[in-house]
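> sequence? don't have it. structure:
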């Protein structure tokens, strides 16, 4: 991984950096990053950047890892507030956000470019600018959605839903 003496490659963005730049020990290996953002992206999803034993890293394929989230706010934003949220999110790397309804926010992003935590932070910051408790409401809505998504991905198909008897016989 050496490039120029005393430089190593940031596994997230590919920049050459000093080994002392935003250092991190992970699985007994030393990593350095160009910024706190790259370090956070790595920490949130290390497998995307270094792979797993026996599997290549997704980063090596230059493939985008698109995620789409539909966030129900429970209370609509007015047009001006919605524009502020959209402008803040669309200003983030790889994020596309839109309002199909006044109380629903759709966010599409590339997990290779930005983390859910960074999007959550932007939502909280723009919500603070909006006032009226929107900082916590936007953050909570996004976190709640991620929890719902994680829970749904672990659900077992209801008995009888696939045409099987549910007794485990093949």
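Looks like it arrived, so ask away. Only a predicted model underlies this, so the values are computations on that prediction, with no experimental measurement involved. Residues are numbered from 1 along each chain as shown.

> all helices for the chain, in order.
Ranges of helices within the chain are 36-44, 46-50, 79-90, 116-130, 134-153, based on DSSP state H.

> ok, and what's touching the fourth one?
Helix 116-130 is contacted by residues 37, 40-41, 44, 67, 77, 81, 84-85, 88-89, 92, 95, 107, 109, 134-139, 141-143, 146 when judged by Cβ atoms under 8 Å, 6 or more residues apart in numbering. C-beta here means a position set from N, CA and C on the backbone, and glycine is covered the same way.

> The closest residue to residue 24 other than its chain neighbours: neighbour count?
Take residue 24 and drop its neighbours on the chain: the residue closest to it by Cβ to Cβ, 6 or more residues apart in numbering is residue 31, 4.7 Å away. Using other Cβ atoms under 10 Å, the number of residues around residue 31 comes to 26.

> Enumerate every residue touching residue 31.
8, 10-11, 23-25, 42.

> Same check on residue 91?
Contacts of residue 91 (Cβ under 8 Å, 6+ apart): none.

> can we see that at 10 Å?
Contacts here follow Cβ atoms under 10 Å, 6 or more residues apart in numbering; on that basis residue 91 touches 97, 122, 126.

> what's the neighbour count on the second one?
Number of residues near residue 122 (other Cβ under 10 Å) recorded here: 22.

> what does the last one give?
Other residues near residue 126 number 20, with proximity taken as other Cβ under 10 Å.

> Can you tell me how far it is from residue 41?
According to Cβ to Cβ, to the nearest Å, residue 126 and residue 41 sit 20 Å apart.

> Which residue ranges make up the domains of the chain?
8-61, 66-153 (automatic domain parsing).

> now those in TSV, with mean pLDDT?
As requested, the domains of the chain are exported to TSV (pLDDT from 0 to 100):
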stretch	mean pLDDT
domain 8-61	85
domain 66-153	82
